[in-house]
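Trainee: how would this look folded up:
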Amino acid sequence: MDNNTKAFELRNKYNEFKYKKYMISLDDDNIYLTYNFEITNLYEFNPTITIKKKNYIKEKILDNKVLQNLVFNLGIVEAISYWKSTFSKNFIIECGYLNEEQKSFFKKLFYNGLGELRYRNNIEIEYDDFINITTTGNKIELVKEYENYTDYIFPIGGGKDSNVTIELLNRRPDNLCFIVNPKEVTLECAHASGFDYEHIIEVERIIDKNLLDLNSKGFINGHTPFSAMISFLSTLIGYLTHKKYIALSNENSANESNINGRNINHQYSKSIEYENDFRLYSSNYLYVNTEYFSFLRPISEYQIAYLFSKFDKYHSIFKSCNEGSKKEPWVWCNNCAKCLFVFIILSPFLYKDKLVNIFKEDLFEKEELLQLFIDLTGHGNLKPFDCVGTFYENRYAVSKTIESLKGEQLPYLLKYYKEHFTLEDTSVDLLKEWYKDNNLNDEQEKILKEWFK
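Mentor: Below is the predicted model:
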């Protein structure tokens with residue numbers, strides 16, 4: 001049975017997904033969010049999110065309608081991971097209310113956020129037929145607050161981008177950083193950035209084991225829009241801590257589709273399209289004075305690599321490899337698209353000794369990475385489904401590195417590139433690029449531009 005047929009069979013057999021309730025509780029140590037979802041006639045799910053409660057919490061927790069609304073909305077995004085197992089036609093929300101504009105926001109998020117999953121599983125469902133969202137719960141009546149929020153929250157993922165944002169923007173002593181399911185790498189990055197224990201917000205997110213059971217039984221599985229969950233969760237934390245800005249580290253390169261001519265983007269929930277949609281949704285429906293934006297949006301991965309190359313205190317710490325994150329300790333696997341991309345984009349600035357010291361080997365010498373190398377530079381069939389830069393950025397970085405090695409013997413992948421493809425015109429200075437479609441204010445823009453004068 002092909003995946004498209006399987007999807008429609010599951011969709012017809014399990015045609016109701018219910019978001020039944022959310023619960024908020026606390027003790028002396030933590031705030032607990034628990035959700036209850038159900039695929040009718042299949043399984044119930046009770047995923048949890050635990051916010052470690054420290055002295056940064058400024059809002060009351062119980063009987064707080066703004067918080068209830070934030071937790072309710074976060075649950076809709078959390079439900080995507082479970083709903084996608086069956087692609088149930090009807091998504092029924094029993095514990096709250098959405099108007100038609102809100103439903104449209106979430107329908108778009110579900111559809112585009114699962115674009116990669118649909119493509120990789122060959123699931124062909126038209127947008128209009130994709131999901132029917134209905135609500136049977138009561139609307140939470142809210143009043144817009146006007147309390148003055150200050151300072152920043154920085155989500156940390158362990159990679160180069162968030163470290164760059166913090167290095168450039170972290171100028172206030174009361175700023176906080178925010179880590180979901182902390183690992184040694186993310187905590188080390190936080191400490192290297194100057195955050196002590198009292199300024200690190202730790203969040204534990206636990207997937208219900210029934211979802212893992214469905215995955216093992218061959219139900220629909222694949223990439224979900226994790227960054228969309230971060231947008232709602234970080235806004236909730238911004239409310240609890242009264243922080244004005246949530247500074248993401250999504251760059252302009254995240255806007256590029258993985259498939260030419262189709263809106264299939266592994267990084268959809270990191271794109272400016274989603275960022276703008278979420279900012280509008282937050283302004284209209286979340287009633288919080290926190291502002292969500294990406295500080296690195298005006299620049300490219302190439303420019304971020306240039307900045308990161310200057311902050312060598314992170315070079316032995318940071319990790320971006322998804323495969324390697326499954327191991328203890330987190331490592332570079334040196335065999336995936338993400339590892340090769342990071343190696344490529346840093347190569348104009350750190351190749352050879354410093355870069356080899358980071359990865360413990362020269363990835364340009366690995367013949368088995370040739371097809372990934374071809375795909376990353378836009379000479380293959382598609383862009384790898386990972387958080388990697390644009391084809392042009394990769395070609396430019398490769399061309400820059402080849403030019404810097406004049407008179408030296410080229411490693412295998414660079415030699416192959418030079419013999420088979422045309423080098424980019426590197427007289428064009430990518431470090432001077434600036435993308436105007438962003439949400440930085442004047443102060444933030446000035447800080448970022450200072451580094452490229």
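
Trainee: if I look at residue 210, how far off is residue 164?
Mentor: Here the criterion is Cβ to Cβ, to the nearest Å. By it, residue 210 lies 39 Å from residue 164. From N, CA and C alone the C-beta is placed, and that goes for glycine too.

Trainee: those two: who's more crowded?
Mentor: Neighbours were counted for residue 210 and for residue 164 using other Cβ atoms under 10 Å; residue 164 has more, 27 against 18.

Trainee: excluding sequence neighbours, find me the nearest residue to that one.
Mentor: residue 307 (4.8 Å; Cβ to Cβ, 6 or more residues apart in numbering).

Trainee: and for residue 320?
Mentor: Excluding its sequence neighbours, the residue lying closest to residue 320 (Cβ to Cβ, 6+ apart) is residue 159, at 4.0 Å.

Trainee: contacting residues for that neighbour?
Mentor: Listed by Cβ atoms under 8 Å, 6 or more residues apart in numbering, the contact set of residue 159 reads 318-320, 342.

Trainee: backbone phi and psi for it, please?
Mentor: Backbone geometry at residue 159, expressed as degrees, to the nearest 10, gives phi -90, psi -180.

Trainee: do residue 92 as well
Mentor: phi -110, psi 120.

Trainee: where is the longest helix in this structure?
Mentor: If you go by DSSP state H, the chain has its longest helix at helix 226-241.

Trainee: and the gap between residue 26 and residue 411?
Mentor: In this view, residue 26 and residue 411 are 55 Å apart by Cβ to Cβ.

Trainee: which strands or helices does the helix or strand harbouring residue 72 pack on?
Mentor: Assigned by DSSP states H and E, residue 72 belongs to helix 65-78. In terms of contacts (3 or more Cβ pairs under 8 Å, 6 or more residues apart in numbering; DSSP states H and E), helix 65-78 is packed against strand 16-26, strand 30-39, helix 226-241.

Trainee: next, the nearest residue to residue 69 once chain neighbours are set aside: secondary structure please.
Mentor: Distances taken as Cβ to Cβ, 6+ apart place residue 140 nearest to residue 69, at 4.8 Å, with adjacent residues excluded. Three-state call for residue 140 (DSSP: H, G, I helix; E, B strand; the rest coil): coil.

Trainee: which residue ranges of the stretch 101-250 of the chain form helices?
Mentor: 115-120, 160-169, 184-192, 209-216, 226-241 (DSSP state H, counting those that start in this stretch).

Trainee: of all the ones you listed, which one is nearest residue 256?
Mentor: Residue 256 lies closest to helix 115-120 among the helices of the stretch 101-250 of the chain, at 13.0 Å (Cβ to Cβ).

Trainee: buried residues in that closest one?
Mentor: Buried positions in helix 115-120, judged by neighbour count with 16 or more other Cβ atoms under 10 Å: 115-119.

Trainee: which of those residues scores worst on pLDDT?
Mentor: Among the buried residues of helix 115-120, residue 119 carries the lowest pLDDT, at 88.

Trainee: report the separation between that one and residue 7.
Mentor: 12 Å.

Trainee: what do you get for residue 451?
Mentor: Counting by Cβ to Cβ - residue 451 and residue 7 are separated by 47 Å.

Trainee: looking at those two, which is more packed in?
Mentor: For residue 451 against residue 7, the residue with the higher neighbour count under other Cβ under 10 Å is residue 7, and the figures read 22 against 15.

Trainee: which ones are touching the more buried one?
Mentor: By Cβ under 8 Å, 6+ apart, the neighbours of residue 7 are 87, 121, 123, 125, 220.

Trainee: could I get those residues in JSON lines, plus columns for neighbour count and pLDDT?
Mentor: Below are the contacts of residue 7 laid out as JSON lines (neighbours: other Cβ atoms under 10 Å; pLDDT from 0 to 100):
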{"residue": "87", "neighbour count": "26", "pLDDT": "96"}
{"residue": "121", "neighbour count": "19", "pLDDT": "89"}
{"residue": "123", "neighbour count": "22", "pLDDT": "91"}
{"residue": "125", "neighbour count": "17", "pLDDT": "92"}
{"residue": "220", "neighbour count": "21", "pLDDT": "95"}
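
Trainee: relative to residue 427, which of those residues is nearest.
Mentor: residue 121 (43.7 Å).

Trainee: quick one: that closest one from residue 221, how far?
Mentor: Residue 121 is 8 Å from residue 221, by Cβ to Cβ.

Trainee: do the same with residue 134
Mentor: Where residue 221 is concerned, residue 134 sits at a distance of 26 Å (Cβ to Cβ).

Trainee: higher neighbour count, these two?
Mentor: Counted by other Cβ under 10 Å, residue 134 and residue 221 do not tie: residue 221 has more neighbours, with 18 against 11.

Trainee: skipping its backbone neighbours, what lies nearest the more buried one in space?
Mentor: The shortest distance from residue 221 to any non-neighbouring residue, by Cβ to Cβ, 6+ apart, is to residue 215 (4.7 Å).

Trainee: could you report the neighbour count for the one you found?
Mentor: With other Cβ under 10 Å as criterion, residue 215 counts 14.

Trainee: if I look at it, how far off is residue 119?
Mentor: 19 Å.

Trainee: in the protein, what spans have low per-residue confidence?
Mentor: Applying pLDDT under 70 to the chain flags residues 1, 146, 254, 257-261, 265-266.

Trainee: pretty sure residue 135 contacts residue 100?
Mentor: No - with contact defined as Cβ atoms under 8 Å, residue 135 does not reach residue 100; the gap is 10.5 Å.

Trainee: who's more crowded, those two?
Mentor: The neighbour count for residue 135 versus residue 100, taken as other Cβ under 10 Å, is higher for residue 135 (18 against 8).

Trainee: residue contacts, the more buried one?
Mentor: Contacts of residue 135 by Cβ under 8 Å, 6+ apart are 92-94, 96-98, 103.

Trainee: rerun at 7 Å
Mentor: Residues near residue 135 by Cβ atoms under 7 Å, 6 or more residues apart in numbering: 93, 96-98.

Trainee: I appreciate the help and will end here.
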